[in-house]
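> No letters, just coordinates:
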């Protein structure tokens, strides 16, 4: 039996267990004076208890078996192979095993297999089928044992509901800790490699160095770049592009939100709001494509016609498109905070004879300002972390410039460039990507925490 | 008690379900890494091979010759690549590393030739460079223009300063990083060729080989030479955008993009198919790929893939690789490597 | 979705706020009702004639005519949902902000129809100020709160002028002594009564002719209420004040005339003393004697 | 100065300021309109340029050639062994056929130009025909084969015949050949089925998105299977059971923050943890799905919590008043009511995951993979990654294919979002 069929059989057994547990409970209840009322838990909880006792240990066994099976069988097959094959190095043996497995699973194999290999393959196949049977027997046996115990445990006073609920609660708690585990995982994965990186390049050089040229010679006898890892040009480039993006997104997003929530007719609102939100749903790779193939050449052409030299990978093109991408982000956040400003404030201002725009500019916006700032901070964090637009539309050369017409590179572009393609894991070049990742994570983390705090404070103010 | 068991159970089952498939599954496709110059040729062969043979199409990642070699030499086993492409010959140091890591028998296959061109946008003038110009423009240290045998940090900012017959545009060359075989070959053929023309440096070759190499092979790092990653397509696209810039890449990319870029003359010879095939063009190099013998016969399809690569319909005079811009080897050389491939002759160094 | 827009109130929300739900029969009965008492005064500042207000299909104000005299305090009383607040908001067109609201009839300020096409609502509101039920100081300093109107309207040009207007207005609102040391602190930090007086000072600062007050003390404690009532009495000398209140005692204390509204209809109007001691209409009497409301 | 003077005075001042203020009011309104218009115009521009670029990819130029299926070239020993039939040099036969068509082409360069008219996929077409019916060996057959991408571009009008020959990818001599084919009615635009059924290819005319679509489907399946149950459980715990303490606060902060962490950082996590540490295979949808599910988990949790929050407390009180335990209240009453909201949130999370590229680049899903993956552990790409890969290719013909792939991607996204909107409107309850 394959693992899947075993699993299906186990599931069937579990449903049986549920039924058996429930029925036994009902039967017991029949003998009681108060019928089911005298039970501590409803019959279905007894059913669940039996089912859980049946499936959980069996599933555990199945898992362990699957994990260990391959290793055990492999070593058994190797032990059964002729001396000549056995004496191979482990890595070669792995290759031979690969061939055997390919032979067994019916894939096209490399060449005509030798008799030894054929024998080993037959052995392997035999062992696997043995193991499959043994596994099915063991798993289903354990399941049946669980079923039996569960069946025995059914009693009117047995607190089946509490038992089941406790189990479910543990599952729920485990699920909610995944968020923490993810954060820990992120921190660990970037931290370890970063520490290794800082073993080779000093943190001071990384943080304050003005030159970024991550290519290092890879052979002892090669004379090439020495590789410098000063991340400042990357910050400058990232901030430049983010700044351009915010220059586009904040006014447009804010004004759209204001217009839509304060002026627009119901019909315009019903059409324009989802349309703007559509911008948020477009994958960033599409924006990247658009930036690289439509906006950048258009900007260059525009520059040419005006006699200004604009790089085809100008920060401007990437920033503009990124700004457009962030518009819905800013506008929906602003919309939220603007709507949270109490109507009484608007009435107060209007009653004094303020025009609508004066009310908005002098009362609504100042009142909503903390919330808007929080939203903008979140948007900046997004701009800094945005990858595909800059990978496709921004440059690779780390230039220290704040001229938006020149090509700059960003932290995310460098991470991608350094890590795309199969990598060796010990050169500072690769490790640098993780140091940049750490930097990016920390920077956005700080921004996010500040922004979320600001927004939360703001919400509390009007709640 | 029960609680702990449930946690354990969920954890183990979760990992089991994810790893079960991976651990019992075996690799039944060829894994190829290496040079981005050979990449377009290898992918075409792989595609044809996949369709014609019924084997799975090999998976190919472009990592640069150096990066590929490093991965290739890490060891023998399913998790390591079977083949690495290289736009230069394997170095002794790399070969030794391979040996040390148990990659004993390596089959070397030369696939053809490729010129390294220095090209710029068609919007700009076609340049006529000499190798000396190239060296002076791109080396980190150059002989003092004031005379003498002193080396100074490269002072040249424009091509005109290098050679009065060249236009007065800023030196801006987009080229491959050190992981790339194109870079190695360019340094050896282009830079060293120019470097040699200074007698005092040439003399150093015998007396102080290390200094000689450092002088001739070190490319300036002050921004005039921009390392543009492994992706040669990207360089081509950037040249289209910036008429002042020059790019260094394989001839196949020039041929593919003849409508937007043109190659500079080097030592008076234009990079053309004929010039490279006949060996007139000074900066041309052979392309290789290397195969682990240990994997042949265990990973399905390697032998057949090699046969496809070494067949006349692929690398012959009229083969489809030639259509892709590769320059074929002379007949006798082709024959030799085809035999090597057929007999799995291992490389000795 | 639309409920997010503060300027578009859904009918459901309106009902909750204005409480105009009633049976059609009684409204129908009231339609032919004639207002008791003299709706005119000798020197009217504002005159409303045949005003009807609809929220979508809801007939919120039914054919109301009423004069508001100069330098008087007129109180509007009536049970919840009788339309007194709605009528008040018509007087400076604050109902404009509700886009399902429709008004017919005429309301004049100094003989000029405030619903005329060429009338500028901004100018109108500068002349007819309003104080709301809940104190609503802006999240600005006390000083900026008061200076807001004058600055908007260009009434002040220099810092000295602004200071003068702010101090005077605070003085008039009886708040100056209490806050003179903390003018640069946020207005939201004041107590409820102080906040409401700040709102009054803010309204005064624009030098309006009429001040509309919509239950200005309903959110305040008795002491603060007494303070505001005193203030209203003082302000009467310079301004025309129109106050909506649900407290009959308050109406009796501060107003000269009182108008009683019921289900959107003006039932009775007359000198405050008469209304409270000797109401002419049965409905007024019922309300005043506490039979409903 | 009397008070009425003050009033009159201020009234006139107010009047003076009115024009200026109304102008600024209009201006302000205009800014708002302009802002919205910019957003909308960009949206229209984006769609117009993508659809304008992409719709032509629906058709592919085909050419009719006559190929001599000589027995001695395909199967000299007449074994009819599929292995031998498969391996024959069909490309060579196509070349022979073309040479026969234009016998006066002699020079190497010209021959090369001639061969370039027909896609290398022509060999594939013939091979399949021969494998399907070995009986045609030894005869001469006519085949409709895909034209080269340059010819395709020319026929579709992307290559301008009027530009000087040097700057044109299709040379004059090739134009003449193509025109001759055209005159004979042997060149035709047909529906581009290959685009929807093929995997990746180096030849634009053979490249398809099916491999990437399947990769995306596998990736999303893994994501869905993991993030939905875990997300819903976590939301239930946090919203319904969790005590308010430091630990749950920490989880809260964590989830909110994770929702805003750049996606590429998740890619780094996947590379370091799943590939380097756990030893899972590179380029596999399994790993992609793991990474994306970690990424979408916060979205799912936040949406699910909002759905749970919108169930009024009265329902819980009612259930608990009947004697239900907290767990029963949730599973029997709250969860079913919140389920549409949770599903909506999950679908939106899935839509985001479908469009995500950056983390997949980190885990090696960016490689040349021609075969359609058969399982979640086979090497594969995903739809957005395929777009990214093609965007790096120099061939002009890839641009229309990228655009077409984007259209497909956007269609998928719209279907998903439409489903979410439908779910919301269908099951949304107002309390």
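Everything's here; your move. What you are looking at is a predicted structure, and each value in this text was computed from that prediction instead of being measured.
> Any idea which residue of the stretch 301-431 of chain D lies closest to chain A?
With Cβ to the nearest Cβ, the shortest gap between the stretch 301-431 of chain D and chain A falls at residue D:355, namely 2.9 Å. (Glycine included, C-beta is placed from N, CA and C.)
> Please identify the helix or strand for the residue in the stretch 151-293 of chain C that chain A sits nearest to.
Distances from the stretch 151-293 of chain C to chain A, computed as Cβ to the nearest Cβ, single out residue C:152 as the nearest residue at 5.3 Å. Secondary-structure element containing residue C:152, defined by DSSP states H and E: helix C:142-153.
> max-length strand in chain D?
Using DSSP state E, we find that the single longest strand of chain D is strand D:59-68.
> Off-centre distance for that strand?
Mean C-alpha position of strand D:59-68 versus that of the full chain (Cα atoms, centre = their mean, to the nearest Å) differs by 30 Å.
> Whether the helix or strand following it contacts chain B - can you check?
Proceeding C-terminally, strand D:59-68 gives way to helix D:71-74 as the next helix or strand, assigned by DSSP H and E. No. Contact of helix D:71-74 with chain B is not found when judged by Cβ under 8 Å from any Cβ of the partner chain; the minimum separation is 11.0 Å.
> residues in contact with helix D:71-74?
Under the contact criterion Cβ atoms under 8 Å, 6 or more residues apart in numbering or on different chains, helix D:71-74 has outside partners D:78, D:85, D:88, D:89, D:92, D:93, D:130, D:137, D:138.
> Show the pLDDT at the nearest residue in space to the fifth one that is not next to it in sequence.
Among residues not flanking residue D:92 along the chain, residue B:313 sits closest, at 5.6 Å (Cβ to Cβ, 6 or more residues apart in numbering or on different chains). Listed pLDDT for residue B:313 reads 83.
> Check the secondary structure at residue B:313 for me.
The assignment at residue B:313 comes out as helix when based on DSSP: H, G, I helix; E, B strand; the rest coil.
> What is the burial count for it?
Counted with other Cβ atoms under 10 Å in any protein chain shown, the neighbours of residue B:313 add up to 19.
> And the strands in the stretch 201-350 of chain A?
A:212-213, A:228-229 (DSSP state E, counting those that start in this stretch).
> In contact with the residue in the stretch 201-349 of chain B that chain D sits nearest to, which residues?
Of the residues in the stretch 201-349 of chain B, the one nearest chain D is residue B:313, at a distance of 4.6 Å by Cβ to the nearest Cβ. Contact criterion Cβ under 8 Å, 6+ apart gives B:319, B:320, D:89, D:91, D:92 as the residues in contact with residue B:313.
> and the angle from the helix or strand where the fourth one lies to strand D:59-68?
Same thing as residue D:91. Assigned by DSSP H and E, residue D:91 falls within helix D:90-101. Between the direction of helix D:90-101 and that of strand D:59-68, the angle (axes from the mean of the first three to the mean of the last three Cα atoms, to 10 degrees) works out to 80 degrees.
> What helices and strands are in contact with helix D:90-101?
Using 3 or more Cβ pairs under 8 Å, 6 or more residues apart in numbering or on different chains; DSSP states H and E as the contact definition, the elements that helix D:90-101 packs against are strand D:59-68, helix D:108-115, helix D:121-132.
> For it, buried residues please.
Of the residues in helix D:90-101, those buried by neighbour count under the rule 16 or more other Cβ atoms under 10 Å in any protein chain shown are D:90, D:91, D:92, D:93, D:94, D:95, D:97, D:98, D:101.
> What angle do helix D:108-115 and it make with each other?
Angle between the axes of helix D:90-101 and helix D:108-115 is 110 degrees (criterion: the same axes, to 10 degrees).
> hey, least reliable of the strands of the stretch 201-350 of chain A by pLDDT?
Here the lowest mean pLDDT among these goes to strand A:212-213, at a mean of 78.
> what helices or strands is that strand leaning on?
Judged by 3+ Cβ pairs under 8 Å, 6+ apart, strand A:212-213 is in contact with strand A:228-229, helix A:232-258.
> and the ones you listed, which one is worst for confidence?
Looking at those, the weakest mean confidence is strand A:228-229, a mean of 82.
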